[in-house]
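1. Let's see this in three dimensions:
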Amino acid sequence: MTTAPALDAWHRIAADRDPSGLADLIADDAVFCSPAIHTPQEGKAVTIAYLSAAIRVLGPGLEYHRTWHGDDSAVLEFTTELDGLRVHGVDIIGWNRDDRIDSFTVMVRPLKGLQVVIEHMAAELRRAAS
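-> Predicted structure coming up:
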């Protein structure tokens, strides 16, 4: 089912586990909201950094199950497994008129799963920054 070019592109990147397409997909004024950080992370570079890390950390077991979408946004329900824990969450994705993602919010449960995601993401972001 075709939904929107931005959403289709995100699904390809996530399925291929290849963040190289993010530079063309993410808007310059993108905002990333993490379940682990209180303040929104603003800008293309930081959004790409977080999404690239998430693809590497969550990607091997990431499965999208259901999608709810409107004209310029969608909610994607996902599961994955990390350190033997099933992680359940949603990605709330918005895109602009140029079909570039301009907002990406992640929500994760249960708390123990979120804690494992935070540990792995922090390590991946440190690794990528060095």
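
2. Is the residue nearest the centre of the chain within a helix or a strand, and which one?
-> Centroid check for the chain by C-alpha atoms, centre = their mean gives residue 51 as the closest residue, at 4.9 Å. Per DSSP states H and E, residue 51 falls inside helix 44-58.

3. just checking, next helix/strand downstream of that helix?
-> Downstream of helix 44-58, the next assigned helix or strand under DSSP H and E is strand 63-69.

4. The very next helix or strand once past that next one versus strand 63-69: what angle between them?
-> Using DSSP H and E, the next helix or strand after strand 63-69 towards the C-terminus is strand 73-82. Orientation check (axes from the mean of the first three to the mean of the last three C-alpha atoms, to 10 degrees): strand 73-82 against strand 63-69 gives 170 degrees.

5. partners of strand 73-82, with directions?
-> Each strand that pairs with strand 73-82, with its direction, by DSSP bridges: strand 63-69 (antiparallel), strand 85-95 (antiparallel).

6. And the average pLDDT for that strand is what?
-> The pLDDT scores in strand 73-82 average 96.

7. For the residue nearest to the centre of the chain, give me the pLDDT.
-> Value listed for residue 51 in the pLDDT field: 97.

8. That one contacts residue 26, doesn't it?
-> Yes - at 7.4 Å, residue 51 counts as touching residue 26 under the criterion of C-beta atoms under 8 Å. For every residue, glycine as well, the C-beta is placed using N, CA and C.

9. Contacts for the longest helix along the chain next, please.
-> As assigned by DSSP state H, the longest helix anywhere in the chain is helix 111-129. Contacts with helix 111-129, where a contact means C-beta atoms under 8 Å, 6 or more residues apart in numbering, come from 35-36, 49-50, 52-54, 56-58, 82-83, 85-88, 108.

10. neighbours of residue 50, just the number please.
-> 21 (other C-beta atoms under 10 Å).

11. How about the one 3 residues further on?
-> Summarising burial for residue 53: neighbours were counted as other C-beta under 10 Å, giving 21.
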